[in-house]
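Asks: Below are the sequence and a predicted model; questions follow.
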Amino acid sequence: METDHIQMLLDIGELNNLFTGSISIEAFLQKIVELVASHMKAQACSIYLYDESTDELVLKSAVGLDPGAIDSIKIKLGEGLMGHALQEMRAVCENTGEGNSISKFYPEAGEELYNCYLAIPIARGSTKIGVMAVQRGGDNYFGERDVMALRATTSQLAPMIENVKLLMLRQEGEDKKSRQISFEDLRFVKGKPASSGYAYEPSVVLQRDPMHIYLASKNPEQIFTIDDFQLSLQKTESDLERLQAQVELALSDAASLIFASHLLILKDRGFTGKIRLLISEGMNPPQAVMEVYRGYREIFQGSENPLIREKVQDIEDLCRRIIDNMYREPDDESVYQGKIVIARELYPSDLLMLSVQGISGVVLTSGGVTSHVGILARSLHIPAVIVDKAELLEIPEGTKVLIDADLGNVYINPSPEITGKFHERERAKDDLLEMTDLLRRPTVTKDGVTIRLKLNVNLLSDVSDEVIPAITEVGLYRTEFPFLIRNGFPSEEEQYIVYRKLVDMMQGKAVTFRTLDIGGDKILSYYQFDREDNPFLGMRSIRFSLFHEDIFAQQVRAILRAGAGAPMKIMFPMISSIDEFLKSRDMVYRCIKELAGQNIPFNDSPEIGLMIEIPSMVNLIDDIAAEADFFSIGTNDLIQYTLAVDRTNERVAHLFLPHHPAVLRSLKMIADAANSAGIHATICGDMANSERYVPFLLGCGFRDLSVDAIYLSRIKRVITETSIAQAEEIAANMLATKTVEEITAIIGNRI
Ligand code: PEP
Ligand code: MG
């Protein structure tokens with residue numbers, strides 16, 4: 001190495017003293033680039049820091065380049081010389097600046113003046129920190145010795161630069177927090193209802209900082225011992241066990257196993273052993289936890305297996321808990337109590353956690369919301385609204401927010417007139433208590449016709465003592481919920497436990513199990529669905545089950561076993577042909593045969609039916625009525641597929657019309673076919689939850705309605721106030737229309 005290069009290393013060593021001294025971090029970085037440029041006889045030298053949250057390199061310090069470019073030049077990993085150097089963790093040297101596909105110029109930095117580049121990654125182990133680059137003009141090419149010298153420099157500087165980076169990130173985080181935003185145009189935001197009800201409470205934004213920013217917010221000067229780490233592990237374990245017990249108490253589903261994998265990792269000696277080793281080598285315990293987290297993340301993220309990639313989330317949650325407990329900042333669960341939580345998106349398991357913590361409402365600001373979060377919110381009685389306004393995430397904690405989830409409205413700091421209106425509604429809610437009495441009475445129309453009122457179950461907590469006397473059976477159990485709110489596919493045994501609990505709770509009343517209905521917008525966090533251009537028309541629902549026969553068979557076996565000695569029904573979602581129904585039914589027959597050969601109690605004669613939710617089945621309705629034991633009509637999907645309107649797309653929501661003449665006539669055809677075949681047809685989609693459609697449905701000939709628990713009393717009241725003669729007249733009028741306009745004229749504001 002040339003003497004000048006050796007001198008550079010010595011000078012860099014001196015910089016250490018500067019860093020621990022009093023100069024600002026910006027001035028410190030500036031000193032480095034000046035020193036390196038001068039020793040390497042480079043016209044320009046720059047330092048880019050890597051932002052893990054955006055996967056970008058950001059220019060933080062430079063000589064020989066336009067100072068205005070600092071903070072504004074951002075380079076994606078794998079882009080340009082710097083991006084390649086860091087992604088591939090190697091030196092990148094280019095002595096022409098032209099004709100190289102990885103060369104990317106940033107004219108705003110004045111880089112076109114230089115044609116010789118050398119970029120070296122700044123890293124500590126496998127941790128990416130940034131890139132240092134030097135540039136020269138003319139034929140002052142960089143050679144092997146320059147590469148060696150700059151490499152030695154960056155490795156010496158890496159720990160210091162990493163500290164600088166953490167400090168800068170902390171500063172940026174604080175700046176962001178203190179930034180004021182104007183709420184004038186945010187006083188009223190129109191969104192989409194996801195779960196009904198209303199709430200007027202202080203808000204809290206749930207936004208998880210990326211792990212490195214989170215750690216940067218902790219005091220690096222606070223030094224911990226191995227004993228502190230040990231105590232924090234014990235505390236973390238008992239916290240997790242307590243949370244698990246709380247969820248279990250609130251919701252009896254196997255859903256509560258959401259903490260199982262956290263506990264498993266915590267008990268893994270490999271995990272805690274690695275942390276202990278680093279601590280014994282002198283590392284501060286929070287840093288040691290972070291270091292081991294990074295190692296796991298690197299391994300898991302690189303895995304082909306989506307189930308393993310998903311584990312990064314668990315490791316991250318766990319490491320945060322351990323670090324928080326060390327700083328004695330236990331995740332204060334009361335933070336969310338009584339609050340309206342504003343979040344970009346939530347997984348079903350997040351919502352479960354928040355419900356246990358007693359939140360009052362939810363506002364979600366991203367389109368990345370599945371209909372299951374809405375359905376789950378309903379089961380948990382949490383009003384929820386989906387809005388397309390990311391600015392809501394900037395609202396200061398404690399801002400009073402009113403959400404009217406019936407209409408999808410969100411008010412920020414609402415006026416007294418608006419809050420007054422909602423308090424009136426609160427009083428009206430008390431009247432609903434009187435409905436308990438109504439729920440006990442038989443469900444008959446004004447002219448004495450008995451209607452079978454059934455219950456939709458998403459979570460076992462939907463079944464309560466008040467509800468059971470009011471219903472004839474569970475008309476729809478969405479079995480995907482135990483799948484959705486967990487971290488992995490539940491085993492046959494785990495499914496059996498949940499299903500059997502429901503059967504027992506129903507005390508002899510039938511349960512209609514719908515087999516797994518995932519895909520479309522119902523995504524399992526732990527299963528990597530292949531990207532599809534039209535997921536609603538893709539590998540959804542029964543197609544998924546028929547494609548993954550092992551998962552399907554496991555579920556059917558669990559259902560049959562759960563139904564031992566009790567009345568039960570099985571139905572398949574999204575059936576599009578008679579062939580598909582027969583194939584699915586064959587799976588049930590196959591499982592019955594299999595179970596018969598084993599010494600396990602099970603139900604060998606379930607009623608087997610299907611969901612009518614695809615228009616092709618309406619065209620084949622008489623033929624399928626001859627095959628199936630019963631129908632269940634999923635109006636949400638039937639409307640979506642009949643009218644070609646994505647049920648989750650806000651932009652076409654005005655076209656999602658249950659009273660479209662084509663939908664109404666399809667429903668009439670289904671009712672007629674079922675009645676002539678002598679089988680029951682239950683409406684279980686959202687149309688049955690709406691008082692407005694009940695007369696039409698009864699008038700068509702439907703005698704079975706399956707509704708969500710919160711709508712039971714309202715629907716029952718409408719049934720008792722309607723006579724079949726009246727209903728038939730209403731239905732006949734509606735069925736005689738040809739256009740949406742006509743139908744709106746007939747029914748006016750009743751719909
Ligand atoms: C429906 O489509 O109406 C239905 C009941 O099923 P889900 O809403 O679960 O798709
Ligand atoms: Mg459906």
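Replies: Noted; the coordinates are in hand. Ligands and ions are numbered 1, 2, ... in the order given.
Asks: neighbours of Asn649, just the number please.
Replies: Residues within reach of Asn649, counting by other Cβ atoms under 10 Å, total 14. In this view, the C-beta of every residue, glycine as well, is placed from N, C-alpha and C.
Asks: Residues of the stretch 501-650 of the chain that sit close to ligand 2?
Replies: Applying the criterion Cβ under 5 Å from the ion, the portion of the stretch 501-650 of the chain that neighbours ligand 2 consists of Glu613, Gly634, Asp637.
Asks: Can you tell me the closest non-neighbouring residue to the last one?
Replies: Residue nearest to Asp637 in three dimensions, not counting chain neighbours: Glu613, with 3.6 Å by Cβ to Cβ, 6 or more residues apart in numbering.
Asks: Now do the phi/psi pair for the one you found.
Replies: For Glu613, the backbone dihedrals are phi -140, psi 10 (criterion: degrees, to the nearest 10).
Asks: Show the contacting residues for it.
Replies: Taking Cβ atoms under 8 Å, 6 or more residues apart in numbering as the definition of contact, the neighbours of Glu613 are Pro573, Met574, Ile633, Gly634, Thr635, Asn636, Asp637, Leu638, Tyr641, Gly685.
Asks: which one of the residues of the stretch 501-650 of the chain next to ligand 2 sits closest to Gln507?
Replies: Gly634 (26.9 Å; Cβ to Cβ).
Asks: Could you report the neighbour count for the closest one?
Replies: Gly634, neighbours per other Cβ under 10 Å, totals 26.
Asks: What of Asp71?
Replies: Here the count is done by other Cβ under 10 Å, and Asp71 has 10 residues near it.
Asks: and if you look at Phe581?
Replies: Residues within reach of Phe581, counting by other Cβ under 10 Å, total 22.
Asks: Tell me who's in contact with it.
Replies: For Phe581, the set of contacting residues under the criterion of Cβ under 8 Å, 6+ apart consists of Phe572, Ile575, Leu610, Ile624, Glu627, Ala628.
Asks: just checking, next helix/strand downstream of the host helix or strand of it?
Replies: Assigned by DSSP states H and E, Phe581 belongs to helix 578-596. Downstream of helix 578-596, the first helix or strand assigned by DSSP H and E is strand 607-612.
Asks: separation between Met611 and Ile279?
Replies: With the distance defined as Cβ to Cβ, to the nearest Å, Met611 ends up 56 Å from Ile279.
Asks: elements contacting the longest helix that the chain contains?
Replies: In the chain, ranked by residue count with DSSP state H as the criterion, the top helix is helix 144-178. Helix 144-178 is packed against helix 3-20, helix 25-39, strand 44-51, strand 116-124, strand 127-136, helix 211-216, with contacts defined by 3 or more Cβ pairs under 8 Å, 6 or more residues apart in numbering; DSSP states H and E.
Asks: Would you list the phi and psi of Thr737?
Replies: With angles defined as degrees, to the nearest 10, Thr737 shows backbone torsions of phi -80, psi 160.
Asks: Am I right that it is in contact with Pro661?
Replies: Yes. When contacts are counted by Cβ atoms under 8 Å, Thr737 is listed as touching Pro661 (5.3 Å).
Asks: Mutual contacts of the two, please.
Replies: Listed as contacting both Thr737 and Pro661 by Cβ under 8 Å, 6+ apart are Ile743.
Asks: Next to ligand 1, which bits of the stretch 551-700 of the chain? Give me the list.
Replies: Proximity of the stretch 551-700 of the chain to ligand 1, by Cβ under 6 Å from any ligand atom, involves residues Glu613, Gly634, Thr635, Asn636, Asp637, Cys684, Gly685.
Asks: Is the fourth one in a helix, a strand, or coil?
Replies: Here Asn636 is helix, with the state taken from DSSP: H, G, I helix; E, B strand; the rest coil.
Asks: check contacts around it.
Replies: Taking Cβ under 8 Å, 6+ apart as the contact definition, Asn636 lies against Glu613, Arg647, Gly685, Asp686.
Asks: Check the gap between the second one and Glu549 for me.
Replies: Plainly put, Arg647 is 28 Å away from Glu549 if you go by Cβ to Cβ.
Asks: Compare neighbour counts for the two and give me the winner.
Replies: Ranked by neighbour count (other Cβ under 10 Å), Arg647 and Glu549 place Arg647 first, with 18 against 11.
Asks: Nothing else from me, thank you.
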